[in-house]
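[1] prediction below, plus the sequence it came from.
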Amino acid sequence: MEYPQINIKLLSEEDRELVKQAKQRAEDLRLTFKEFVLDCIRNALVEESPDDADSATAAEIEALKAQIAALSEKVSIPSATKTEVHTLQERLNQLRVGISNEIKKDREQLASLTLAISRLESQIEQLIPSLNLQVDGESNADKDSDWLFGEGSGGVGGEDVESF
């Protein structure tokens with residue numbers, strides 16, 4: 001089996017200094033020089049080239065600008081002065097107070113109506129026994145017309161009165 005090998009001639013002093021710094025960095029990271037160089041190669045292959053990165057970033061920026069422009073057209077955000085905002089807040093608070101007062105009035109009126117209905121029901125209940133009316137399916141067959149004439153069915157000229 002054949003293994004790949006990299007042979008690089010470093011002729012300049014600058015290149016030799018770079019190798020020296022790389023060996024020191026590998027030592028600092030507790031890597032072999034081989035591991036360090038391979039990691040550098042891997043990282044270089046993964047990273048985008050500066051031109052690609054710049055163009056990709058520029059394209060992303062342009063796409064974002066287009067989205068912002070589209071949203072700006074859809075959403076109209078009004079501008080207002082500090083005084084106008086304060087005036088609107090005061091008006092809103094006045095409306096809240098007004099609505100609360102109306103609700104309170106409605107509750108008071110509802111309570112008054114409920115009390116009036118209760119009193120009427122009470123008065124009707126007091127009238128029912130004195131009129132001897134049929135209530136909830138109870139029958140008053142033996143006193144058909146007592147409530148109307150105050151006596152038996154013959155109370156007015158001896159005529160019979162039919163029960164309702």
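    Sure, I can see it.

[2] how many other residues sit next to Ala26?
    Neighbourhood size, Ala26 [other CB atoms under 10 Å]: 18. All C-beta atoms are positioned from the backbone trio N, CA, C, and that covers glycine.

[3] and it, how far is that from Phe33?
    5 Å (CB to CB, to the nearest Å).

[4] list the contacts of stretch 23-39.
    For stretch 23-39, the external contacting residues (CB atoms under 8 Å, 6 or more residues apart in numbering) are Ile6, Ala22.

[5] C-alpha coordinates for it, PDB please?
    Extracted as PDB, the C-alpha positions of stretch 23-39 are listed here (Å, rounded to 0.1, in the frame of the first residue of the first chain):
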ATOM      1  CA  LYS A  23       6.400  23.700  15.200                       C
ATOM      2  CA  GLN A  24       6.100  25.900  18.300                       C
ATOM      3  CA  ARG A  25       2.400  26.300  18.000                       C
ATOM      4  CA  ALA A  26       2.000  22.500  17.500                       C
ATOM      5  CA  GLU A  27       4.000  22.000  20.700                       C
ATOM      6  CA  ASP A  28       1.900  24.500  22.600                       C
ATOM      7  CA  LEU A  29      -1.200  22.600  21.500                       C
ATOM      8  CA  ARG A  30       0.400  19.300  22.400                       C
ATOM      9  CA  LEU A  31       0.100  18.100  18.800                       C
ATOM     10  CA  THR A  32       2.700  16.500  16.600                       C
ATOM     11  CA  PHE A  33       3.900  18.700  13.700                       C
ATOM     12  CA  LYS A  34       2.100  16.300  11.300                       C
ATOM     13  CA  GLU A  35      -1.200  16.600  13.200                       C
ATOM     14  CA  PHE A  36      -0.800  20.400  13.300                       C
ATOM     15  CA  VAL A  37      -0.200  20.600   9.500                       C
ATOM     16  CA  LEU A  38      -3.100  18.300   8.700                       C
ATOM     17  CA  ASP A  39      -5.400  20.300  10.900                       C
END
